[in-house]
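A.B. asks: What follows is a predicted structure for the sequence shown.
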Amino acid sequence: MPKVAFWQGNVAIAQGALAAGCRFFGGYPITPSSEIAETMAEELPKLGGKFIQMEDEIGGIAAAIGASISGVKAMTATSGPGFSLKQENLGFAYIAEIPLVVVDVMRGGPSTGLPTKVSQQDVMQARWGTHGDHGTIAYVPSSIKEMYELTVKAFNMAERFRQPVLVLGDEIIGHMREKVLVEDGLEIVNRKRPVVAPDEFVPYKADPSDDVPFMAGFGEGYRWHATGLTHNDWGFPTNNAADIEKKMLRLMRKVDRFRDDIVEYDTYEADDAEVLIVSYGSVSRSALRAVHEMRQQGMKVGHFRPITIWPFPDKELGAYASRVKKIIVPELNCGQMVTEVERAVHGKCPVYSKGLVNGELFKPSEIIAAVKEVA
Amino acid sequence: MSDRYEIRFAGSGGQGVILASVIVGEAAALFEEGWNSVQSQSYGPEARGGSCKAEVVISRGEIDYPKAVSPDLQVILTQKACDEYAANTKPGGIVVLDDFFVTELPKVDAEIIHLPIVRTAKEKLGRELVTNMVALGVAARVLEKKGFLKPQAVKQAVLGRVPKGTEELNAKAFDEGYTMAE
Amino acid sequence: MPRPEVLNWIRQQFFPHVWCPGCGHGIIMHAMIRALVAEGKDPTQTVLASGIGCSSRMPGYVNTCTVHTTHGRSLAFATGIKLAKPELTVLDVMGDGDCSAIGGNHFIHACRRNIDITAIIMNNNIYGMTGGQASPTTPQGSYATTAPYGAIDPTFDLCKLAEGAGASFIARGTIANPVQCEQLIRKGIQNKGFSVIEILSSCHTQYGRKNKRRRPIDNINFFKENVVPLAKAKTMSPEELEGKVVTGEFVNRQSPEYTEQYQKLIERVRG
C-alpha cells in the first residue's frame, strides 16, 4: 500500500535517499538545501546510519566519498556556491569510480547570489563544472514525488555505474510541500561486489558486459588502491598513453553505452503541437498550466520535459523537432539548456530562448505571452 | 481555473501564516479523500517582520502551477499585506481581514469578511501566538461552506502540527475562529 | 631487506617508488609499517589515506586499503571512512603543505572531533613534488622557489596547532631516529582518538639545494645536531631553543572519541 505523505521537496529527497539505502550523509549548511541535511541528521541515527556536518562543503563531499569507499551508500547536498566548492572532489569520484549522490538545490548566482530565490543556473555547472572528461547523469525533478523517486533512482544509477549522480532540484521544488503517494517496493540497485578471491582482485578491471569494475568496500577483505590520478586496472597511477586512453574512454563509454536506459523525459499534448515548450523542474509546472490554458483557447501547444537533463534527451526531442513549427525554452537562467535543445533540434525548426533571472518562478501568463510572441 | 482552489495567507513574519498554509495543505492531503494539495511560501528576508505570504492550492485533480495565480480565498492579517496582496483576489472570491491590523478595507470584487482574529487570540485566549489558529478556524469554515474540506480534517491537521501540551489552546483558538465565521 | 611480515604490507609490483634516492619519506613508510605489524593490524581492516604531494604517494606502495585523495582533503575522506566503518584502523599521511595550508581546516576539525585516526605529517618544509615552493612550515629566512629572497612568513608549529585544536595524542620525531618514529606511531595507533605524529623528513632535492643541505646526509646530520628531546627542552631557555627541533610526546590525554560518541547517540536515539 502506498503511503500518503505531505512532504517538503527537500524532505522527500532525504526520504528517497533513506529508502534507497543511503546510510551516510556528509554536508554543510546552505540555503536552500539545508532541510536535506537536517532531515538526514534526524533520521540516519534511527537507522544506525551516520550524519556528519563537516567543516566545509569540500569536507562534506569528501566524507561522503570516504563512506562510499567503505561500502556504505552516501550522499551530500548543497546549493550553487557549495556545488562549486565540491567540484574538485566530484571529479575525484568520477575518476576513482566511487558511487555517490550529490544534490544541488539551485538558487540564483553567481557567487552568493540569491540564496532564498529560485534559479536553474547550475545546469551547465552540473555537466562541466569539474575538470576533465566524464559522463554526467543528472535528474531534474519537477514534483515532490519525483524528488523522492528520482533520488532513489540516482542512488541506483550511482551504484550501477560506479560514479556520482546528480539531482538538480530548485528552490521552488525544494521548499514547496505537496501530496505524494509514496510507493513502496521501488527497485533498489547495489554495486557489484567482486566475485573473485582477494588475491585475484584487479580493482579497475572492468566487466566487459557493462564497462563497470566490481567494487569492494574497505574492510570487506579486499585490499585495493583508489586514486584521483589516472590509473591502470590495478588502480596504480600511470603515465602510459595506452592505459590513460583506455581508462578515459571507458569512463565515457560506461555511461554512453547505456544512454537509452538512463534518459527519461515526459510529454504533454505534444503529438499534434505546433509550438513545443521545453522546460524542466519547477518551470515545467508553470509551462503545463500555460499549455492547459492555451489548449482551452484552441492553440496547439505542447510540452516536452527532460527528466534527465544529462544525458540530454536529444534524440527524443529531435524527433519532435521535425513535427512542430517552433520550440520555446523557458528557463530560470539566461539560456543554458537551450543550447542543448538547439543541438538536438539541429536546425529543423526555430528555437527561442526565454530566460528569467529575477529570482521568481515564471507565471503561466508569462509563458503564454512568450509563446504568443513567437507564434 | 475552476479545477483548482487557491488560498493565500498573508501577514507579517511571526504571525504563523506559513504554518497555517501547511496545515490546510496537510488537511487536504492527509485527512481528506481525493484531494491534492500544494503549499509554498515566499521565502526571503521579508519573512522576518516584513510582509509574508504562504499559499495552498487544492484540487480534485493534478496541480500543475504550485503558486496562487489569483487566490479564491485570502486570509490577510496586516494592513501592509492587505495593500500588497488583496487586489489580486479572484473576482468573486473571499477576503478575510483582521479587524485590528487591517483598518482600511480594500476595494475588490470579492466578499470581505472583517473579523477580530488578532483580538480574539490576544484578549479571549490570552496568547497572540495563536492568531494563526484563529485564522485557520475562519478559513476552515469558509472551506466547509464551499463544500471542500471538512473542518474536522483541518482540526486534525492542527493537532498533528502543534507542540505537545498546546493542543487544547490551539484547538480552542481554532474553534473560536470557526464559530466567529458563522 | 625488510622482514617478511613487513613485506606483506608492501605492493612490490608498484615499485620503483617516485621518491628521490635519499628522500626521508621511505624511512617513515618503513617505520609506519613496522608499527602496524607490531600492533598486529590486519591489512584488510586497515585504511591508509593521503592527499597530494610526495608524501601522499605512499599509500600506493602500502598493501592495505588505500586511498589517494585530493590535495589537503585526505582527513575529510578519512573521517567519512572512519565514521562509516569505525571498526577499521585508519591512518592518514600528509605533507606539511597538504596538512597545514590547503588542508588546514580539515586538520583542525579532525583534531577538534578527536576522531580515531592516526595522522602522520611528513614535514619536509617544502612543496617537493611541485618544484620546491615555500610551505607554512618553511623556516623563516629559508629559500624556496617562491621565496627567492628568503621566506618572511612565520612558521607553523603543527604540534601546538594540534594541541590547541584538541587532538588527544601529539608527538614529534625525525627521520634521523626511525626507532622513535615507529614507537610514536604505535602509540598513535593505540590512542583511541585523533593522533598527530609530526615527523620531520627531508627534501635534499628541493629544500636542501637552496638551503645548504644539498646531500641526504646533510639533512640527517642537521637533525642529529639540532634535535632536543622534550625533557631536555624543558630545562632550556627560548633563546637556547632557537633553531632546535624538539622531539617527543607532547600530549597524551583521554578525551571522548567521535565515532564512540556517535554510537552512543545512535543508542540514545534508538532507545
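C.D. replies: It's in. Numbering: from 1, shown residues only, chains lettered A, B, ... in the order given.

A.B. asks: residues touching the residue lying closest to residue A:280 once chain neighbours are set aside, list them.
C.D. replies: Leaving aside its chain neighbours, residue A:280 sits nearest to residue A:140 (4.3 Å; criterion: CB to CB, 6 or more residues apart in numbering or on different chains). Placement of C-beta: from N, CA and C, glycine included. Taking CB atoms under 8 Å, 6 or more residues apart in numbering or on different chains, we find residue A:140 in contact with A:168, A:280, A:281, A:306, A:307, A:308, A:309.

A.B. asks: Kindly report the same for residue B:8.
C.D. replies: Here residue B:8 is in contact with B:21, B:53, B:54, B:55, B:56, B:68, B:71, B:73, B:74, B:75, B:85 (CB under 8 Å, 6+ apart).

A.B. asks: Tabulate the CA atom coordinates of the helix or strand where it lies in PDB.
C.D. replies: Using DSSP states H and E, residue B:8 maps to strand B:5-12. Only the C-alpha atoms of strand B:5-12 are listed here, as PDB (Å, rounded to 0.1, in the frame of the first residue of the first chain):
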ATOM      1  CA  TYR B   5      -8.900  26.500  -5.500                       C
ATOM      2  CA  GLU B   6      -6.200  28.800  -4.300                       C
ATOM      3  CA  ILE B   7      -5.800  30.000  -0.800                       C
ATOM      4  CA  ARG B   8      -3.300  32.600   0.400                       C
ATOM      5  CA  PHE B   9      -2.400  33.500   4.000                       C
ATOM      6  CA  ALA B  10      -0.600  36.800   4.300                       C
ATOM      7  CA  GLY B  11       0.600  38.800   7.200                       C
ATOM      8  CA  SER B  12       3.800  39.700   8.900                       C
END
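
A.B. asks: And the next helix or strand after that strand, how far out from the chain middle?
C.D. replies: Beyond strand B:5-12 on the C-terminal side, the first helix or strand identified by DSSP H and E is helix B:17-30. With CA atoms, centre = their mean, to the nearest Å as the basis, helix B:17-30 stands 9 Å off its chain's centre.

A.B. asks: Now do the helices in chain B.
C.D. replies: With helices called from DSSP state H, chain B shows them at B:17-30, B:79-85, B:117-119, B:131-145, B:151-161, B:167-180.

A.B. asks: Residue C:121 against residue C:92, yeah?
C.D. replies: No. If you go by CB atoms under 8 Å, residue C:121 and residue C:92 don't touch, sitting 9.2 Å apart.

A.B. asks: Which one's more surrounded, these two?
C.D. replies: Shown here are residue C:121 and residue C:92; by other CB atoms under 10 Å in any protein chain shown, residue C:92 has more neighbours (35 against 26).

A.B. asks: and the helix or strand harbouring that one, is it in reach of chain A?
C.D. replies: Under the criterion of DSSP H and E, residue C:92 resides in strand C:89-95. No. Residues of strand C:89-95 contacting chain A under CB under 8 Å from any CB of the partner chain: none, with a closest distance of 9.1 Å.

A.B. asks: next SSE after that strand?
C.D. replies: helix C:96-97.

A.B. asks: Can you get me the centre-to-centre distance for that following helix and its chain?
C.D. replies: 10 Å.

A.B. asks: Touching the strand holding residue C:92 from outside, list them.
C.D. replies: Identification of contacts with strand C:89-95 by CB under 8 Å, 6+ apart yields C:28, C:32, C:36, C:41, C:45-51, C:53-56, C:58-59, C:74-75, C:78, C:81-82, C:103, C:107, C:116-124, C:127-128, C:135, C:189.

A.B. asks: and what of stretch B:139-152?
C.D. replies: B:5, B:7, B:9, B:20, B:24, B:27-28, B:31-32, B:35, B:58, B:73, B:75, B:94, B:96, B:113, B:137, B:154-155, B:174, B:177-178, B:181-182.

A.B. asks: now with 6 Å?
C.D. replies: Contact with stretch B:139-152 is made by B:27, B:28, B:32, B:73, B:75, B:94, B:154, B:178, B:181, as judged by CB atoms under 6 Å, 6 or more residues apart in numbering or on different chains.

A.B. asks: Quick check: the second one touching residue B:36?
C.D. replies: In this case it means residue B:28. No. Using CB atoms under 6 Å, residue B:28 is not in contact with residue B:36; the gap is 7.3 Å.

A.B. asks: neighbour-wise, which of those two wins?
C.D. replies: residue B:28 (29 against 18).

A.B. asks: For the more buried one, give me the pLDDT.
C.D. replies: Looking at residue B:28, its pLDDT reads 98.

A.B. asks: residues in contact with it?
C.D. replies: B:35, B:37, B:58, B:149.

A.B. asks: Next, work out how far apart it and residue B:34 are.
C.D. replies: 9 Å (CB to CB, to the nearest Å).

A.B. asks: can stretch A:44-60 be found next to chain C?
C.D. replies: Yes. Contact of stretch A:44-60 with chain C (CB under 6 Å from any CB of the partner chain) involves A:45, A:46, A:48, A:50, A:52, A:55, A:56, A:59.

A.B. asks: With stretch A:193-207 instead?
C.D. replies: No. Using CB under 6 Å from any CB, we find that stretch A:193-207 stays clear of chain C, coming within 7.2 Å at best.

A.B. asks: Compute the first-to-last residue distance for that stretch.
C.D. replies: 11 Å (CA to CA, to the nearest Å).

A.B. asks: which residues of chain C score low on pLDDT?
C.D. replies: By pLDDT under 70, chain C has no low-scoring segment.

A.B. asks: what are the ranges of the helices in it?
C.D. replies: C:4-7, C:25-38, C:58-61, C:74-84, C:96-97, C:104-113, C:158-165, C:178-190, C:216-226, C:230-233, C:238-241, C:258-270.

A.B. asks: wait, which of those is closest to residue A:351?
C.D. replies: Between residue A:351 and the helices of chain C, the tightest spacing by CB to CB is seen for helix C:74-84, at 42.8 Å.

A.B. asks: roughly how far is that closest one from the heart of the chain?
C.D. replies: 16 Å.

A.B. asks: Can you give the contact residues for it?
C.D. replies: Outside helix C:74-84, the residues within contact range by CB under 6 Å, 6+ apart are A:24, A:26, A:50, A:52, A:59, A:62-63, A:66-67, A:70, A:72, C:47, C:49-51, C:69, C:90, C:92, C:106, C:110, C:115, C:117, C:259.

A.B. asks: Take these and keep only those in strands.
C.D. replies: Assigned to strands by DSSP state E, the following of the contacts of helix C:74-84 qualify: A:24, A:26, A:50, A:52, C:47, C:49, C:50, C:90, C:92, C:117.

A.B. asks: ok, what's across the strand from the second one?
C.D. replies: When assigned by DSSP bridges, residue A:26 has beta-bridge partners residue A:52.

A.B. asks: measure it to residue A:131 for me?
C.D. replies: 22 Å.

A.B. asks: Between the two, which has more neighbouring residues?
C.D. replies: Ranked by neighbour count (other CB under 10 Å), residue A:26 and residue A:131 place residue A:26 first, with 32 against 11.

A.B. asks: pretty sure the more buried one is touching residue A:59, no?
C.D. replies: No. Contact criterion CB under 6 Å: residue A:26 and residue A:59 do not qualify, at 7.1 Å.

A.B. asks: What is the burial count for the closest residue to residue B:68 other than its chain neighbours?
C.D. replies: Excluding the flanking residues, the one nearest residue B:68 by CB to CB, 6+ apart is residue B:6, at 3.9 Å. By other CB under 10 Å, the residues close to residue B:6 number 24.

A.B. asks: ok, the residue lying closest to residue A:266 once chain neighbours are set aside to chain B distance?
C.D. replies: Once flanking residues are discounted, residue A:266 sits nearest to residue A:305: 4.5 Å by CB to CB, 6+ apart. Taking CB to the nearest CB, to the nearest Å as the measure, residue A:305 falls 11 Å from chain B.
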